[in-house]
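Participant: turn this into a structure:
(one chain, ligands or ions: 2)
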Amino acid sequence: MKDAIITVSMNPALDKTVTVNGFTVAGLNRIKDVRVDAGGKGINVAKVLKRFNANVTAWGIQAGEEGRLLARMVEQQGIPTFFLEAEGRTRTNLKVVDEATKETTELNEPGAVITEKVLTDFLDRFEKAMPATAVLVLGGSLPPGAPQDLYRQMICIASRYGVKTILDADGEALKFGITAAPYALKPNIHELEALIGYELESDQEIVKAAKGLLGDGIQYVIVSMGAEGSIVVSGEEAIRARPFPIVPLSTVGAGDSMVAALAFCLIEGKTLEETARWTTAAGSITASKPGSDVCTFFEVEEKLALVSITPISKFNTSV
Ligand SMILES: Nc1ncnc2c1ncn2[C@@H]1O[C@H](COP(=O)(O)OP(=O)(O)OP(=O)(O)O)[C@@H](O)[C@H]1O
Ligand SMILES: O=P(O)(O)OC[C@@]1(O)O[C@H](CO)[C@@H](O)[C@@H]1O
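Facilitator: Ligands and ions are numbered 1, 2, ... in the order given. Below is the predicted model:
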């Protein structure tokens with residue numbers, strides 16, 4: 001059985017995380033600590049999957065000195081990579097962690113422009129890799145120059161080879177991507193609300209909205225809700241998962257850790273309840289780590305039983 005997972009980061013980043021004590025907008029902020037991690041959603045997913053001992057390769061586009069540094073940082077973690085080089089410079093995303101409030105403020109650059117030539121080469125190599133791939137993870141924003149329906153194109157290619165795609169995107173990239181019926185989606189609550197065009201006030205409303213996305217090939221929707229945990233929905237079941245308490249150090253990569261755990265659960269054939277436990281525990285452990293550092297397999301495994309699980313049908317069967 002195939003077990004290879006490919007993560008794609010078309011717009012990766014060096015994540016520069018600075019820690020301040022009491023972040024002041026429009027004032028002088030003295031930085032207490034700085035760290036730089038290899039970032040981008042697909043790269044974070046690959047970092048977790050490597051720690052889960054999965055057969056993962058990080059694909060993407062890199063550019064300039066920053067791009068070479070990024071690729072080196074990923075490879076130093078023992079993750080096999082396939083990066084095509086583009087012109088310009090891979091972006092640096094600034095993450096400001098406020099020690100006082102435990103809040104993270106993110107300032108993400110648009111990224112280097114991608115040319116049609118690089119894109120065509122990438123898609124060509126991508127299609128060649130699909131026959132040996134079991135799960136594909138598409139995550140993050142698209143770089144300037146890329147068509148908004150790029151994820152849709154990739155999902156269509158992957159589907160021709162029976163590859164299960166997990167899509168973690170927002171805005172237009174998500175809207176277009178959904179039309180190609182990825183196997184699973186991981187919107188956070190704000191991305192889901194933006195997609196459907198209205199606010200969701202209760203768990204029942206979230207389940208209803210998530211269920212509305214299922215069908216025509218979409219099998220799972222995981223709606224993440226920060227400290228509130230998540231709602232995991234399949235055609236047959238809906239589960240409310242609540243995390244154990246943590247002290248958040250940087251929430252960057254928490255959603256990506258959920259996506260990684262979902263890819264792991266798909267490969268391992270876990271049940272929906274097990275998937276709810278693995279994804280939620282992975283997200284919460286990553287949120288308790290500094291910068292874009294991510295959870296390990298043993299840290300997650302140790303906490304699985306502490307994730308509180310409630311089947312949604314228990315309190316409302318009408319959704
Ligand atoms: N403050 C927190 N306390 C406990 N768990 C948290 C906290 N923040 C995040 N998590 C865990 O991480 C998961 C994903 O968080 P979130 O909904 O913020 O994802 P996201 O918005 O996709 O994150 P990102 O895009 O930064 O990776 C949550 O479902 C939860 O399990
Ligand atoms: O700008 P995008 O592509 O939407 O998000 C990029 C990013 O914020 O996502 C990761 C966290 O999920 C970070 O490593 C990275 O900086």
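Participant: and the residue of the chain closest to ligand 1?
Facilitator: Gly255 (2.0 Å; CB to the nearest ligand atom). Every residue, glycine included, has its C-beta placed from N, CA and C.
Participant: can you pull the poorly scored residue ranges out of the stretch 201-319 of the chain?
Facilitator: 314-319 (pLDDT under 70).
Participant: residues of it that sit close to ligand 1?
Facilitator: 224-227, 229-230, 243, 246, 248, 251-256, 258, 280, 283-284, 287 (CB under 6 Å from any ligand atom).
Participant: show me what the host helix or strand of Ser284 packs onto, helices and strands only.
Facilitator: Taking DSSP states H and E as the criterion, Ser284 maps to helix 272-287. Packing partners of helix 272-287 (3 or more CB pairs under 8 Å, 6 or more residues apart in numbering; DSSP states H and E): strand 220-224, strand 230-234, strand 238-242, helix 254-268, helix 297-303, strand 308-311.
Participant: please redo it, this time with the cut-off set to 10 Å
Facilitator: helix 41-51, strand 220-224, strand 230-234, strand 238-242, helix 254-268, helix 297-303, strand 308-311 (3 or more CB pairs under 10 Å, 6 or more residues apart in numbering; DSSP states H and E).
Participant: quick one: it near ligand 2?
Facilitator: No - using CB under 6 Å from any ligand atom, helix 272-287 stays clear of ligand 2, coming no nearer than 9.7 Å.
Participant: next, the buried residues of that helix.
Facilitator: By 16 or more other CB atoms under 10 Å, the buried positions in helix 272-287 come out as 272, 275-287.
Participant: do the same with stretch 177-190
Facilitator: In stretch 177-190, counting by 16+ other CB under 10 Å, buried: Gly177, Ile178, Ala180, Ala181, Pro182, Tyr183, Ala184, Leu185, Lys186, Pro187, Asn188, Ile189.
Participant: what does this structure have sitting close to ligand 2?
Facilitator: Counting by CB under 6 Å from any ligand atom, the chain sits next to ligand 2 at 11, 13, 15, 39-41, 44, 93, 106, 108, 140-141, 252-253, 255-256, 292.
Participant: pull the most distant pair out of the buried residues of stretch 177-190.
Facilitator: Ala180 and Ile189 (23.2 Å; CB to CB).
Participant: quick one on the thing from earlier: show me which of the residues of the stretch 201-319 of the chain next to ligand 1 are buried.
Facilitator: Buried positions within those, assessed by neighbour count (16+ other CB under 10 Å), are 224-226, 229-230, 243, 246, 248, 251-256, 258, 280, 283-284, 287.
Participant: circling back: hang on, the residue of the chain closest to ligand 1 packs against Asn188?
Facilitator: Yes - at 6.0 Å, Gly255 counts as touching Asn188 under the criterion of CB atoms under 10 Å.
Participant: what touches both of these two?
Facilitator: Shared contacts of Gly255 and Asn188, defined by CB atoms under 10 Å, 6 or more residues apart in numbering, are found at Asp168, Ile222, Ser224, Gly226, Ser230.
Participant: list the residues that contact the fourth one.
Facilitator: When you say that, I think you mean Gly226. Asn188, Ile189, His190, Pro243, Pro248, Thr251, Ala254, Gly255, Gly283, Ser284, Ala287.
Participant: check contacts around the second one.
Facilitator: Contact partners of Ile189, counting by CB under 10 Å, 6+ apart, are Glu199, Leu200, Ile206, Ala209, Val223, Ser224, Met225, Gly226, Glu228, Ser230, Ile231.
Participant: excluding its backbone neighbours, what's nearest the one residue sitting closest to the centre of the chain?
Facilitator: Geometric centre of the chain, nearest residue: Asp256, 3.1 Å, by CA atoms, centre = their mean. Once flanking residues are discounted, Asp256 sits nearest to Asn44: 3.6 Å by CB to CB, 6 or more residues apart in numbering.
Participant: read off the pLDDT value for the one you found.
Facilitator: Confidence at Asn44, expressed as pLDDT, is 97.
Participant: that one and Phe126: what is the separation?
Facilitator: 20 Å (CB to CB, to the nearest Å).
Participant: comparing those two, which residue is more hemmed in?
Facilitator: Applying other CB atoms under 10 Å to Asn44 and Phe126 shows that Asn44 carries more neighbours, namely 31 against 20.
Participant: returning to what we had before: so which of the buried residues of stretch 177-190 would you say is closest to Thr296?
Facilitator: For the buried residues of stretch 177-190, the nearest to Thr296 is Lys186 (20.3 Å; CB to CB).
Participant: residue contacts, that closest one?
Facilitator: Taking CB under 10 Å, 6+ apart as the test, what Lys186 contacts is 41, 137, 139, 166-169, 192, 220-224, 230, 232, 255-256, 258-259, 262, 279, 283.
Participant: ok, of the buried residues of helix 272-287, which one's closest to Ala63?
Facilitator: Taking CB to CB as the measure, Ala63 lies nearest Thr286 of the buried residues of helix 272-287, at 26.7 Å.
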